[in-house]
Structure formats: C-alpha cells, structure tokens
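>>> sequence below, structure please.
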Amino acid sequence: MIEVSVVGLAVDSRSQPLILLRPRVEAAGRVLPIWIGAQEATSILIAIEGGEAPRPLSHDLMKTLLETVGADVERVAVTRIEQGTFFAEIVLRTAEGRRVIDSRPSDAIALASRVGAPIWVAEKVIDEAGIVDDTIVDGAAADTVADEESKVAEFRRFLDDIDPEDFQG
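Numbering: from 1, shown residues only. Here you go, the predicted model:
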C-alpha cells in the first residue's frame, strides 16, 4: 500500500468530475485519477477546502454517526480495480476491535477528508491505473499548471450552478 493525498479535483472533456490522488513520496512520479459522481466531488471539495454545506451531506452524516458510536476512521484504502471499477475499504477502530467496511472510493475519500484519516492505494492499482505526473516530471511546467487551473475553474462553475435541491434524497 502507498499513502496518497488528494491533490485536486478536475473535470474531464465530457464534464465528468474526477479526483486526483498523488503518492506522498514525490519520487513516485504518478498520479491516480478516479472518476466520481458530481455529488461526491462537491462533498470532497467542501471537505478539503474546510467549508460547510448549508445542511449536512451524506459524508457529514457518516462522520457524525461514527463519532456518536465511538468509532474512529483508522484509514481508507483503494484496494483494487476490476474492469475499470475501483473498490475501496474504510478501516474503523471500534470498542469491539477493527472493522473493515466495503466502500466506493469517492465515499471513502470524502469521509477521510472530513476526519483527517490517511488515504492509501494498493501499489497494483497505481501501477494499473496511474498516469505520469507531469508536475513532477517537468517540474510543474507552466502549461500543466494553466491546464489544471482551467479545469478547477470549470469545476467551480459547475459547482456554482448546482441547485441545493440536487442533494435532497
């Protein structure tokens, strides 16, 4: 397993949000893009920017439930990829011992972002789905930074157009 950090959210050419995970060891030279849903992207963005939604989102509820029952998120892990689908686990510490819960990577990362838990990815997943990280290879080339800024701006416009009713269950 390799510990990673969320380095950003982006939108692909089809306007699909994705999260970018980079190994904490800079020499790794790869970044892992994982396509996620719009609601999960919004939730992760709010968490990593330290903001709050007007009403609790699902991941806020998950955090509150865990706190209420005295459980802590030890870590989350993206464990495998099968036919283009990523799988993850949330590892909890409870009074009864360690518990491992199956999860979508987007939900696991959104929860980890809220509680400050480390995020890990199986080395095999990075080998299979990781892409070359131009910001390390080219020393943060200006065109890469401009492209990332453009994607972030596009994603922010997307978020500005979201109606709070989109999040009602």
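>>> next, work out how far apart the most centrally placed residue in the chain and residue 88 are.
In the chain, the residue lying closest to the centroid (Cα atoms, centre = their mean) is residue 109, at 4.1 Å. Residue 109 sits 8 Å away from residue 88, going by Cβ to Cβ, to the nearest Å. C-beta here means a position set from N, CA and C on the backbone, and glycine is covered the same way.
>>> could you say which helix or strand holds the residue lying closest to residue 74 once chain neighbours are set aside?
Nearest residue to residue 74 in three dimensions, chain neighbours excluded: residue 91, at 4.5 Å (Cβ to Cβ, 6 or more residues apart in numbering). Per DSSP states H and E, residue 91 falls inside strand 85-94.
>>> bridging residues for the residue nearest to residue 74?
When bridges are called by DSSP bridges, residue 91 pairs up with residue 75, residue 100.
>>> could I get the contacting residues of it?
Neighbour list for residue 91: 73-77, 98-101 [criterion: Cβ atoms under 8 Å, 6 or more residues apart in numbering].
>>> if we use 10 Å, what do you get?
Applying Cβ atoms under 10 Å, 6 or more residues apart in numbering to residue 91 gives the contacts 72-77, 98-101, 108, 117-118, 120.
>>> filter these down to the buried ones, PyMOL style.
The buried residues among the contacts of residue 91 can be selected in PyMOL (16 or more other Cβ atoms under 10 Å) with this line:
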select buried, resi 73+74+75+76+77+108+117+118+120
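>>> tell me, what's touching residue 109 and residue 88 both at once?
34, 76, 78, 103, 119.
>>> any idea how far the closest residue in space to residue 25 that isn't next to it in sequence is from residue 19?
Distances taken as Cβ to Cβ, 6+ apart place residue 2 nearest to residue 25, at 7.3 Å, with adjacent residues excluded. Computed as Cβ to Cβ, the residue 2 to residue 19 distance reads 16 Å.
>>> of these two, who's got more company?
With neighbours defined as other Cβ atoms under 10 Å, residue 2 and residue 19 compare such that residue 19 has more, 24 against 21.
>>> I figured the more buried one hits residue 35, correct?
Yes: look at residue 19 against residue 35 with Cβ atoms under 10 Å: they come within range, at 8.3 Å.
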